[in-house]
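[1] Just need the structure, nothing else, for what follows:
(one chain, ligands or ions: 1)
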Amino acid sequence: MVNVCDVQIMKPLLQEHGFHFSKAKGQNFLIAPWVPRSIAEQSGVDGQTGVLEIGPGIGPLTQQLCLRAGKVCAVEVDRRLEPILKITTGEFSNLEILWDDVLKLDLARLVREKFQGLRPVACANLPYYITTPILTALLEAECFDCVTVMVQKEVAQRIGAAPGSGDYGAFSVFCQYYAQPEILFDVPAHCFMPQPKVTSAVAALRVRRERPWKIDEPELFFRVVRASFAMRRKKLSNGLAAGFPDLGKTGAEEVIVRAGFDPNVRGETLGIGEFARLANEIARRGRGG
Ligand code: SAM
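    Residues are numbered from 1 along each chain as shown. Now for the predicted structure:
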């Protein structure tokens, strides 16, 4: 197997194919072999697993996934990488590469078509410029058992943040609604070529089979969450009144009290169950209840 993390091997290989890193495509490739190995090991991939990898690059994580998984489907937008990936991953019969923009794919359909009989998971060193839309698509597709991703450390902290902490926001609630996140380990910038300006971290999001909250209208729930974080460090009633003009300030205060909260409560202290109570109260009011 070609050691793609060895710069002495990788640099001439890239040069030979006239490849230049694209900043616009978020191309920071792993050059520390322990990183792709640890990601693959800790992602829980085994012979019964179908793995969607996003952005194989020149294949360091792809190789490690192919060694462990039943099948790997890797989606890469940059076709210039085709001849290089052929050299680094051509030996794996359980690998299929799709040359496409992952954001244009119907992920649930891809999983149905490619991973029949396998446990579907996603695993990737994400292109950081589209971390949020990719994670959103992976979770909203509701077809993966687990999503293991390398992201900027500050994004990982937001994904896993608890109510009341500075990192907690609408994206934390979104991720924790769909999954139980765990931050696995940090990855310093010197593990990449070229080096990014930030530290990275690997997060595993174990997708919830069942959600322990009663949420009458999920769309309304997320609207409430966004409104609640839109005015940080202000009272929740201000954010709700701005996000739900029909309620107005008085209506917002009534909803907050009827849902069982102090009228001066701040949105960033509420957990998912508490946002659910608020959203259900607004839904009930909308129904004229
Ligand atoms: N997996 C490799 C590694 O760990 O060294 C490369 C990771 S690099 C951070 C991100 C990869 O995602 C690049 O190969 C880039 O070309 C690819 N990429 C960027 N945008 C993409 C998109 N919209 N769809 C699929 N792949 C994309």
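[2] May I have the phi/psi pair for whichever residue of the stretch 1-150 of the chain sits closest to the ligand?
    Residue nearest to the ligand within the stretch 1-150 of the chain: G55 (2.1 Å; CB to the nearest ligand atom). Any C-beta I mention is one placed from the backbone N, CA and C, and that applies to glycine too. With angles defined as degrees, to the nearest 10, G55 sits at phi 70, psi 70.
[3] Not counting residues beside it along the chain, what's closest to it?
    Using CB to CB, 6 or more residues apart in numbering and skipping the chain neighbours, the partner closest in space to G55 is P127 (5.4 Å).
[4] Going by residue numbers, what spans are strands in the stretch 1-150 of the chain?
    Along the stretch 1-150 of the chain, counting by DSSP state E, counting those that start in this stretch, strands occupy 29-30, 49-54, 71-76, 95-99, 119-125, 146-152.
[5] Who are the packing partners of the longest helix belonging to the chain?
    Counting by DSSP state H, the longest helix found in the chain is helix 272-286. Other elements packing on helix 272-286 under the criterion 3 or more CB pairs under 8 Å, 6 or more residues apart in numbering; DSSP states H and E are helix 170-178, helix 218-230, helix 248-258.
[6] What residues of the helix or strand that the second one is followed by count as buried?
    With elements assigned by DSSP states H and E, the helix or strand that comes after helix 218-230 is helix 236-243. By neighbour count, with 16 or more other CB atoms under 10 Å as the criterion, the buried positions of helix 236-243 are 236-241, 243.
[7] re the thing from before, which parts of the longest helix of the chain are buried?
    For helix 272-286, by 16+ other CB under 10 Å, it's 272, 274-283, 285.
[8] got the angle between it and helix 236-243?
    Counting by axes from the mean of the first three to the mean of the last three CA atoms, to 10 degrees, helix 272-286 points 50 degrees away from the direction of helix 236-243.
[9] could I get the strands of the stretch 1-150 of the chain as CSV with mean pLDDT?
    CSV is the format used below for the strands of the stretch 1-150 of the chain (pLDDT from 0 to 100):
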stretch, mean pLDDT
strand 29-30, 97
strand 49-54, 98
strand 71-76, 98
strand 95-99, 98
strand 119-125, 98
strand 146-152, 98
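[10] Turn those into CSV, including mean neighbour count.
    Converted to CSV, the strands of the stretch 1-150 of the chain look like this (neighbours: other CB atoms under 10 Å):
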stretch, mean neighbour count
strand 29-30, 22
strand 49-54, 26
strand 71-76, 24
strand 95-99, 16
strand 119-125, 26
strand 146-152, 23
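[11] okay, those strands in CSV with distance to V255 next?
    Below are these laid out as CSV (distance: least, CB to CB, whole Å):
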stretch, distance to V255
strand 29-30, 48
strand 49-54, 40
strand 71-76, 43
strand 95-99, 46
strand 119-125, 37
strand 146-152, 33
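[12] Can you tell me which of the buried residues of helix 236-243 is closest to the ligand?
    Out of the buried residues of helix 236-243, the member with the shortest distance to the ligand (by CB to the nearest ligand atom) is G243, at 30.7 Å.
[13] mind listing what that closest one touches?
    G243 sits next to 223-224, 226-228, 230 when contact means CB atoms under 8 Å, 6 or more residues apart in numbering.
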